[in-house]
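Visitor: Sequence unavailable; structure follows:
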């Protein structure tokens, strides 16, 4: 930052302090040694990634941050290596994702984990992170390096015994958000096709056997959106220019609503209410059409929801075999019954069918409106 960015030219007027946070004392000492050797202004602080609220309070009370807008949270390759916690929110629907991935996951005792449970666990990990009862107690290190801040007390997880008593990461993400670097799993077919250029063959297998939880990039992004965190316009995917995504680098900011999720048949009553928002009645889709969309492509119908669960917007898509379907006007009327005829269950492209929101003054209206202006077909990968 100091040598390669515009921000680095203003450090004298607007200084920055790097704070290394970890619950592992060896990691904190290694961080202090690295930053000290590089001449970077820094401090270190004990913290549990599963307890963002306490981390936030520590940054404010110890280092002078005036609030969440003074802080940029940064981390890399940590979230897939979290301890698995059984999801408790039955309202997180993920059954539609089971057939969308061939990744394998295991519990600490070697028992299999379903993909739906793994996805639900990530949503709760990102949006409702409970204090982690498996975190080891911390003992201060004798002879610690300069810049090390000893915790004022050991983490007392007995105060938060119920895993459903959760604190949202989004609530501590200010205007600078959360800078996140993460690795993702590839499908078996992509691993075979790109075996000469990717490490997925051995890396993904090793992660699975050791109980780590790599998700396909599509499921990762959906889980973050479900948790109420969206990437800004500078989402980077690696390798650049490749037909697959192995690593993402993004700055996440709080969404203008509680989150985004997949639609289910139980949403039909609220979806019909949303249909009434169309300006022209002939554009309104029937219950049969909405049901058909969800049944044919359950992983392609997306909803924005508020804090009380009320649906704020809906985005309908379908898989198509090629871009040539655009020449036949399959996306023109939102109520078109041609959805089934043009649908391809393993189509490599996703076509935007319709997008609508509940109220003109809705905070997410500008997001949906950009999609509604035109039909979009994009590669699934």
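Guide: Happy to help now that I have it. What you see is a predicted model; the values in this text were computed from it and never measured.
Visitor: Please make it C-alpha for all contacts and neighbour counts, starting now.
Guide: Will do.
Visitor: Test for you: state the pLDDT assigned to the residue positioned nearest the centre of the chain.
Guide: To find the centre residue of the chain, average its C-alpha atoms and take the closest one (Cα atoms, centre = their mean): that gives residue 224, at 1.9 Å. Listed pLDDT for residue 224 reads 90.
Visitor: other SSEs contacting the one helix or strand it maps to?
Guide: According to DSSP states H and E, residue 224 maps onto helix 217-226. With contacts taken as 3 or more Cα pairs under 8 Å, 6 or more residues apart in numbering; DSSP states H and E, helix 217-226 sits against helix 115-127, strand 259-262.
Visitor: Compute the mean per-residue pLDDT across the longest one, please.
Guide: Same thing as helix 115-127. 85.
Visitor: Equivalent analysis for stretch 237-252, please.
Guide: Across stretch 237-252, pLDDT averages out at 92.
Visitor: what does stretch 43-55 give?
Guide: Mean per-residue pLDDT for stretch 43-55: 85.
Visitor: Stretch 302-314 now?
Guide: Confidence for stretch 302-314, expressed as mean pLDDT, is 90.
Visitor: quick one: contacts of it?
Guide: 257-263, 270-271, 274, 301, 315-316, 355-359, 362, 364, 368 (Cα atoms under 8 Å, 6 or more residues apart in numbering).
Visitor: Go again with 10 Å.
Guide: Defining contact as Cα atoms under 10 Å, 6 or more residues apart in numbering, one finds that stretch 302-314 is touched by 91, 222, 225-226, 228, 255-264, 267, 270-271, 273-275, 294, 301, 315-317, 354-359, 362-365, 368.
Visitor: Just the buried ones among those residues, please.
Guide: In terms of neighbour count (16 or more other Cα atoms under 10 Å), the buried residues within these are 222, 225-226, 228, 255-264, 267, 271, 274-275, 294, 301, 315-317, 354-358, 364-365, 368.
Visitor: Quick check: next helix or strand after the lowest-mean-pLDDT helix or strand in the chain?
Guide: Taking mean pLDDT, DSSP states H and E as the measure, the helix or strand of the chain with the lowest value is strand 148-149, at a mean of 44. Counting by DSSP H and E, the next helix or strand C-terminal to strand 148-149 is strand 178-183.
Visitor: Just want the angle from that following strand to helix 217-226.
Guide: Note on geometry: by axes from the mean of the first three to the mean of the last three Cα atoms, to 10 degrees, strand 178-183 and helix 217-226 are set 160 degrees apart in direction.
Visitor: Buried residues, whichever helix or strand comes after strand 178-183. List them.
Guide: Sequence order places helix 188-193 as the next helix or strand after strand 178-183, per DSSP H and E. Burial within helix 188-193, assessed by neighbour count using 16+ other Cα under 10 Å, is assigned to residue 191.
Visitor: Stretch 89-105 too?
Guide: Residues 92, 93, 94, 95, 96, 101, 103, 104, 105 are the ones in stretch 89-105 that count as buried (16+ other Cα under 10 Å).
Visitor: so can I have CSV of the residues you listed showing distance to residue 48 and pLDDT?
Guide: Shown next, in CSV, are the buried residues of stretch 89-105 (distance: Cα to Cα, whole Å; pLDDT from 0 to 100):
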residue, distance to residue 48, pLDDT
92, 25, 85
93, 28, 82
94, 27, 86
95, 30, 85
96, 32, 86
101, 30, 87
103, 28, 91
104, 27, 92
105, 24, 93
